[in-house]
Structures are given as C-alpha cells and as structure tokens.
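Visitor: 3D model of this:
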Amino acid sequence: MDRQILDSRWGVWRSLSSAGGYVEQGEQGILEAETLQEFAQRLDLEFSNRLLLDRALTHRSYLNEHPEALEDNERLEFLGDAVLDFLVGAYLYNRFPEMHEGELTRLRSALVRTEQLADFAAHIDLGRAMRLGRGEGQAGGRKRNALLCATFEALVGALYLDQGLDSVIKFLEPLLEPAADQVITNHQDQDPKSILQEQVQAQGFEPPFYRLISSSGPDHKKVFEVEVLVNQKVIGKGTGLSKQAAEKEAASAALWIEDFG
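Guide: Presented below is the predicted three-dimensional model:
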C-alpha cells in the first residue's frame, strides 16, 4: 500500500509506492519525478561533484522557497551558453567542410536558439528533474521552453566544469546530429519571419502581425511571450529572452501551417 510523505526537496507531497518509485502530486495532476541520482544514471552522467548537478537543476523559484539551497543555476546557464556556442560551432565546422561562414553562422544560431535547446531538454526528459518552486511547477514550468532551455544550458555548464569538453561533446553529439539534418532539410536556418511573410503574402494575405502577450522576470533577464497573427487569427506563439527571439520562435511555429485562411 502506498504511503504519503512530504518531500522538502520538491516542496510537494509524494506517494512512496511499494516499488520504491516516487510520484509528484501537484494541482495539474501526477508527475513522476526523479532524484539527482536517478537522472544521472538514466543519462549515464557520472558527476564527480554532485553539487554541480544539483545546482544546474535548481531554478531561482526553488531557491526563494528553500533557504537551505545554496545557489540557483543562472551562473551555470551563462557558462553553458558560451560552451554550447563554441562546441556547436566546432561540430558544424568539422561536419560540413563545404559550408561558408554565413551558412555555418545561421545553422549554429538555429541549433542554439531557445526552441531547439528546449527540444533537446524535452528529448532527455529534463523537466522531471528540475528543482522548481511550488508555484512555478504548478504553473507548468517543467514544460516551458524558456525554463527548459535555461536548465539545459546550466546542465552543459555543470558537465563542462565537472568533466571537461570531451564529456560535453559525448553528451551533445547524439542530439546535434539529427537536429542539424532537420534544420537543413526544413530550411530552419533561414530567417523564419522572412519565410513566413513570403508564404503568407503568396496566399494573398497582409504581412503577419506580431503581438506581445507578456513579459516576466528581472530586468536583466526578461522572458517575452509573443503571438503572430494573420487575418486577425493567431497562427503561432513563441517565447524568448528578447522580443525578436520570441517573434522568430512564433514564426517558426507558424511555418507548419499550410493554409493561413
């Protein structure tokens, strides 16, 4: 028979099943959650300094509710962003020797944008291991692109500090290879706003209109949410650390639509 325990690490009530597994009970239903050890074992990440992994998965909302936690993941996110830029650039340089600088730059930008890094995070089910404040978790933070992207960057930064570039490359390469092929095949390395405008006007409509829905976070690191409309109908939404990035993500989401009428 299951019994209820209060897990202070997650700030929620959990059921401890007879099989030893944990589930998180929040306002949006039940979510299976992972410990740091479970997460590291599943991804075969052997951290010698587990505090780095702990910090990488800790969002500032968790820190606000748990004074015993020492640091959030924002500094590791900063480092991971720089590591990703370098390693993705090196990967593309070696894999596509025929590409010119401009093509490589556009392809790298497509692979490190918020939406793509969030896809990487979702692919490894990173949301289950994120340490979020209770409100953030119940509001759907484990599936929010901006948070998934930031935590993925922090994880890369932590892995780099703990094990160096070779381990980061081993971790990234299985994610980068199919993603790069998809970006090239679907022309996602081109400016999505320009592509969308061409497609929309080709169907006889006025150019797309971008509308800011919301902005949140501190002034130095705001997250913007934007929607794009055609013929007064919302056809895509996006988030980003700038309005331009959010608009591009919204345009990318709208490119899957065949008929804008």
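Visitor: that's a strand at residue 48, yeah?
Guide: No: with DSSP: H, G, I helix; E, B strand; the rest coil as the criterion, residue 48 is assigned coil and is not in a strand.
Visitor: ok, and the closest non-adjacent residue to it?
Guide: residue 162 (5.9 Å; C-beta to C-beta, 6 or more residues apart in numbering). Using the backbone N, CA and C atoms, a C-beta is placed for each residue, glycine as well.
Visitor: ok, now residue 150?
Guide: Nearest non-adjacent residue to residue 150 (C-beta to C-beta, 6+ apart): residue 77, at 5.0 Å.
Visitor: what about the one you found, how many residues close to it?
Guide: 21 (other C-beta atoms under 10 Å).
Visitor: what helix or strand is it on?
Guide: helix 74-95 (DSSP states H and E).
Visitor: buried residues, that helix. List them.
Guide: 74, 76-77, 79-81, 83-84, 87-89, 91-92 (16 or more other C-beta atoms under 10 Å).
Visitor: looking at those residues, which two lie furthest apart in space?
Guide: 74 and 92 (27.2 Å; C-beta to C-beta).
Visitor: roughly how far does the residue nearest to residue 150 sit from residue 177?
Guide: Between residue 77 and residue 177 the computed distance is 24 Å (C-beta to C-beta, to the nearest Å).
Visitor: which residues sit against stretch 51-64?
Guide: With C-beta atoms under 8 Å, 6 or more residues apart in numbering as the test, stretch 51-64 has contacts from 11, 36, 39-40, 45, 47, 69-74, 76, 129-133, 135-136, 141, 147, 150-151, 154-155, 157-158, 161-162.
Visitor: hmm, try it at 7 Å
Guide: Stretch 51-64 is touched from outside by 36, 40, 47, 69, 71-74, 76, 129-133, 135-136, 147, 151, 154-155, 157-158, 161-162, with contacts defined as C-beta atoms under 7 Å, 6 or more residues apart in numbering.
Visitor: stretch 197-209 now?
Guide: 196, 228-231, 260-261.
Visitor: redo that, cut-off 8 Å
Guide: 193, 196, 228-231, 235, 251, 254-255, 259-261.
Visitor: hey, C-alpha coordinates of that stretch in CSV?
Guide: Presented in CSV, the C-alpha positions along stretch 197-209 are these (Å, rounded to 0.1, in the frame of the first residue of the first chain):
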residue,chain,number,x,y,z
GLN,A,197,5.9,36.6,-44.7
GLU,A,198,6.7,35.2,-48.1
GLN,A,199,4.3,32.3,-47.6
VAL,A,200,1.5,34.5,-46.1
GLN,A,201,1.7,37.1,-48.9
ALA,A,202,1.8,34.3,-51.5
GLN,A,203,-1.6,33.3,-50.3
GLY,A,204,-2.9,36.9,-50.8
PHE,A,205,-2.9,38.0,-47.1
GLU,A,206,-1.4,41.0,-45.5
PRO,A,207,2.0,40.6,-43.7
PRO,A,208,2.0,38.8,-40.3
PHE,A,209,1.4,40.9,-37.2
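Visitor: in that stretch, which residues are buried?
Guide: So stretch 197-209, judged by 16+ other C-beta under 10 Å, has buried residues 197, 199-200, 208.
Visitor: among the residues you listed, name the ones in helices.
Guide: 197, 199-200 (DSSP state H).
Visitor: of all the residues you listed, which comes closest to residue 184?
Guide: Among those, and counting by C-beta to C-beta, the member closest to residue 184 is residue 199, at 19.0 Å.
Visitor: which residues touch residue 156?
Guide: 80, 83-84, 168, 171-172.
Visitor: and the pLDDT at it?
Guide: As predicted, residue 156 sits at a pLDDT of 98.
Visitor: quick one: the helices in the stretch 1-150 of the chain?
Guide: 36-42, 50-56, 60-65, 74-95, 101-112, 114-123, 134-138, 145-163 (DSSP state H, counting those that start in this stretch).
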